[in-house]
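[1] Quick check, what structure comes out for this input:
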Amino acid sequence: MRRTPIVLALLGALAVTGCSASGAGGQQSAAPPASSAAPQGSGAGFAVITHGAPGDSFWDVVKNGAEAAGKQYGARVTYQGDGDPAKQSQLIDQAVSEKVDGIVVSMANPDALKEAIGKAVAAKIPVVTINSGAESSKEFGAITHVGQSEDVAGRGAGEQLKAAGVTKLLCVIHEAGNVGLDQRCKGAEETLGGTVERLQVDVSNLADVTSKVTAKLQSDQQVNGVLSLNPAIAIAARDAIKDAGSQAKLATFDLSADVVTAINDGEVLFAVDQQQYLQGYLPITFLNLYKANLNTVGGGLPVNTGPGFVTKDNASQVAKLAEAGTR
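    So this is what the prediction gives:
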């Protein structure tokens with residue numbers, strides 16, 4: 001996991017917000033004076049606009065991270081999510097018209113958002129992209145991208161599934177057109193050394209997800225592994241494996257309290273953790289630093305928040321954090 005940019009970013013944030021506590025002298029004397037940085041109570045307004053559907057536990061954690069950073073810096077943070085790219089574009093346009101101080105946006109469908117993001121950049125509003133669409137972030141004019149490399153994460157998942165004996169894998173895609181999800185499946189395919197078959201489902205209808213995965217496992221008993229790309233889908237797939245009487249091994253991307261419990265219970269092998277709390281927290285930190293001190297982070301490269309892996313070895317430690325809404 002490449003954590004160096006994150007560590008540097010957090011240290012930078014502490015340098016801006018914490019210099020008053022260090023007193024005179026010391027290495028922090030070179031930091032900008034409080035009057036110029038003024039992150040505390042500055043009243044900056046930042047808009048977070050994602051493709052997450054309401055009630056999705058993954059995006060709830062992203063929201064928690066953004067709001068925690070806003071509270072720390074005394075900034076106003078609004079969060080809105082819509083899985084329809086056209087509506088997401090409208091939300092970006094609305095934020096531009098409101099003249100916010102910065103926009104955070106996930107790009108599951110980059111091409112559909114290009115025009116709206118271009119309007120924000122043209123209006124001199126700094127944009128940080130998160131989660132999906134890293135390849136288009138710099139081209140669209142964003143100051144940085146925060147997320148994980150989906151193909152790298154997919155390859156890591158494929159390696160672990162291969163080690164567990166999986167030879168034919170069902171990769172369950174829950175959002176049509178989401179480029180990041182396809183990258184995860186492709187990455188797993190590269191390292192598994194077996195067959196990877198995709199199954200398209202709808203994340204808003206979990207009962208149907210269970211039904212479709214059950215039917216697939218019953219019709220093709222060579223499938224001995226399932227990879228879900230969302231924690232809610234993971235629980236639906238777990239139920240499907242039980243319903244089908246299958247011995248297929250299950251792994252997932254991303255965490256929820258239910259997924260952590262399932263890992264502890266031996267129902268899920270592992271979860272690929274992209275630490276989505278950081279995908280909310282860090283962009284607000286970066287935008288605050290940009291507004292206060294014109295700092296940029298990443299040097300034109302994404303700031304990686306993962307992948308990490310939650311297994312039975314560390315699931316108990318993560319469980320309390322998941323319950324608190326930060327993992």
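[2] Distance from stretch 312-326 to the middle of the chain?
    17 Å (C-alpha atoms, centre = their mean, to the nearest Å).
[3] Using PDB, list the CA coordinates for that stretch.
    Listed next in PDB are the C-alpha coordinates belonging to stretch 312-326 (Å, rounded to 0.1, in the frame of the first residue of the first chain):
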ATOM      1  CA  LYS A 312     -10.000 -13.000  10.200                       C
ATOM      2  CA  ASP A 313      -6.700 -12.000  11.700                       C
ATOM      3  CA  ASN A 314      -7.600  -8.300  12.000                       C
ATOM      4  CA  ALA A 315     -11.300  -8.200  11.700                       C
ATOM      5  CA  SER A 316     -12.000  -7.900  15.400                       C
ATOM      6  CA  GLN A 317      -9.900  -4.800  15.600                       C
ATOM      7  CA  VAL A 318     -11.700  -3.200  12.600                       C
ATOM      8  CA  ALA A 319     -15.100  -4.200  13.900                       C
ATOM      9  CA  LYS A 320     -15.400  -1.400  16.500                       C
ATOM     10  CA  LEU A 321     -14.200   1.100  13.900                       C
ATOM     11  CA  ALA A 322     -16.800   0.000  11.400                       C
ATOM     12  CA  GLU A 323     -19.500   0.300  14.100                       C
ATOM     13  CA  ALA A 324     -18.400   3.900  14.700                       C
ATOM     14  CA  GLY A 325     -18.800   4.700  11.000                       C
ATOM     15  CA  THR A 326     -15.100   5.300  10.200                       C
END
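[4] List the buried residues for that stretch?
    315, 318-319, 322, 326 (16 or more other C-beta atoms under 10 Å). Heads up, the C-betas are built off the backbone N, CA and C, glycines and all.
[5] repeat for stretch 260-268
    Buried-residue list, stretch 260-268, by 16+ other C-beta under 10 Å: 260-263, 267-268.
[6] try stretch 129-136
    Neighbour-count burial for stretch 129-136 [16+ other C-beta under 10 Å]: 129-134, 136.
[7] Now, these that are in strands?
    Using DSSP state E, the subset of the buried residues of stretch 129-136 located in strands is 129-130.
[8] Quick one: mean pLDDT for stretch 232-247?
    Stretch 232-247 shows a mean pLDDT of 98.
[9] cool, and stretch 47-66?
    Mean predicted confidence for stretch 47-66 is 92.
[10] Start and end of it, how far apart?
    End-to-end distance of stretch 47-66 (C-alpha to C-alpha, to the nearest Å): 10 Å.
[11] Now for Leu206: which residues touch it?
    If a contact means C-beta atoms under 8 Å, 6 or more residues apart in numbering, then Leu206 has 232-233, 235-236 as its contacts.
[12] which residues of the stretch 101-250 of the chain fall in strands?
    102-106, 127-130, 144-148, 168-173, 195-200, 225-228, 249-253 (DSSP state E, counting those that start in this stretch).
[13] Name the spans of the protein whose pLDDT lies under the cut-off.
    Residues of the chain meeting the criterion pLDDT under 70: 1-42.
[14] How are the helices of it distributed by residue range?
    4-18, 34-37, 57-73, 85-97, 110-122, 134-140, 150-163, 179-192, 206-219, 231-244, 257-264, 276-293, 315-323 (DSSP state H).
[15] Check the burial of the nearest residue to Gly156 once chain neighbours are set aside by counting its neighbours.
    Of all residues not flanking Gly156 in the chain, Pro307 sits nearest, at 5.5 Å (C-beta to C-beta, 6 or more residues apart in numbering). Neighbours of Pro307 under the rule other C-beta atoms under 10 Å: 23.
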